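1. Okay, sequence plus prediction incoming.
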Amino acid sequence: QVQLVEAGGGLVQAGGSLRLSCAASGRTAINYIMGWFRQAPGKEREFVAVITRSGGSTSYADSVKGRFTISRDNAKPTVFLQMDSLKPEDTAVYYCAAATGLEFPPKNMNYWGKGTLVTVSL
C-alpha cells in the first residue's frame with residue numbers, strides 16, 4: 001500500500017508560481033510512475049503531467065506545456081510540480097497519483113492522494 005500526501009497549494013496571483021510536492025510512503029513508491037491530475041469546480045478530473053520511475057521521461061497536458069514542470073526525487077521519495085505563469089483557469093484541486101504498471105503514459109493510476117487546492121486570482 002502506498003500513501004500519497006500533497007502539499008504546497010494556496011492562493012497566488014495570475015502570472016505567479018507555486019511548487020507542489022507529493023510525499024510517497026513505502027519503499028516500493030520509487031518503483032511507480034507518478035503523476036499529477038487536477039479537478040476544477042464543476043468539471044471532471046483531468047490529466048496534468050506524469051513522470052517515469054527514473055525521471056527520464058515526462059508527459060504533459062497541452063494546457064500546461066511550457067509552464068509546468070514535473071520532477072521527482074527518489075531518495076525521499078517525492079514528486080514535484082513546478083507551476084509557473086499561472087492562469088485563473090489553473091484553479092483546481094491538484095491530486096498526486098501513482099501507477100504500478102509498466103505502460104507510459106499510464107492509462108490508469110492505482111493510488112491517489114487527497115489533493116491540495118490551488119487558487120489563481122486575477
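-> Structure's in. What do you need? Residues are numbered from 1 along each chain as shown.
2. Report how many residues lie close to Met83.
-> 25 (other C-beta atoms under 10 Å). Glycine gets a C-beta too; all of them are placed from N, C-alpha and C.
3. for Thr78, same thing?
-> So Thr78, with other C-beta under 10 Å, has 18 neighbours.
4. now swap in Leu20 and tell me
-> Around Leu20 there are 23 other residues, counting by other C-beta under 10 Å.
5. try the one 3 residues further on
-> When neighbours are defined as other C-beta under 10 Å, Ala23 has 16 of them.
6. State the distance from it to Glu46.
-> Separation of Ala23 from Glu46 (C-beta to C-beta, to the nearest Å): 23 Å.
7. for Phe37, what are its contacts?
-> Arg45, Glu46, Phe47, Val48, Tyr94, Tyr95, Ala97, Met109 (C-beta atoms under 8 Å, 6 or more residues apart in numbering).
8. try 10 Å
-> Residues counted as contacts of Phe37 (C-beta atoms under 10 Å, 6 or more residues apart in numbering) are 45-50, 61, 92-97, 109, 112-113, 115.
9. And what about the nearest residue to it once chain neighbours are set aside, helix, strand or coil?
-> Nearest residue to Phe37 in three dimensions, chain neighbours excluded: Tyr95, at 4.8 Å (C-beta to C-beta, 6 or more residues apart in numbering). At Tyr95, secondary structure determined by DSSP: H, G, I helix; E, B strand; the rest coil is strand.
10. who's in contact with Tyr95?
-> 4, 6, 20, 22, 35-39, 45, 48, 109, 112-116.
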